[in-house]
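> Give the three-dimensional model of this entry:
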Amino acid sequence: MRSIRVEGNPDRTIAASIGLDSESILKMYDLLAIARLEDRFVIPTASHPDKSPLHAIQGCTGFPECR
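Here you go, the predicted model:
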């Protein structure tokens, strides 16, 4: 894909050396490199039940005298 995007033409020697054509490589790229919409997700922001600042809690986890 780099040779297509940067140089503007595909390097067919690599594909030929493993027995694939350009169309097969593009299909593999679409299948493996681009996630489907249902596979994409956003990590939700953290919430703490007592509404204390998370930066203050971050270094105090496991140390009762820190609070």
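
> In this structure Met1 contacts Met28, no?
No. Taking contacts as CB atoms under 8 Å, Met1 lies outside contact range of Met28: 10.4 Å. (C-beta placed from N, C-alpha, C; glycine too.)

> State the phi and psi torsions of Phe41.
For Phe41, the backbone dihedrals (degrees, to the nearest 10) come out as phi -150, psi 160.

> quick one: it from Leu31, how far?
According to CB to CB, to the nearest Å, Phe41 and Leu31 sit 19 Å apart.

> What of Ile14?
Ile14 sits 18 Å away from Leu31, going by CB to CB.

> do Asn9 as well
Between Asn9 and Leu31 the computed distance is 23 Å (CB to CB).

> Could you do Ile25 as well?
For Ile25, the distance to Leu31 equals 11 Å [CB to CB].

> Who has more neighbours out of those two?
Ile25 (17 against 9; other CB atoms under 10 Å).

> Now find how far off-centre the one helix or strand Tyr29 maps to is within its chain.
Using DSSP states H and E, Tyr29 sits in helix 22-33. Its chain's C-alpha centre and that of helix 22-33 lie 17 Å apart, by CA atoms, centre = their mean, to the nearest Å.

> average pLDDT across whatever helix or strand comes next after it?
Counting by DSSP H and E, the next helix or strand C-terminal to helix 22-33 is helix 54-58. Helix 54-58 shows a mean pLDDT of 71.
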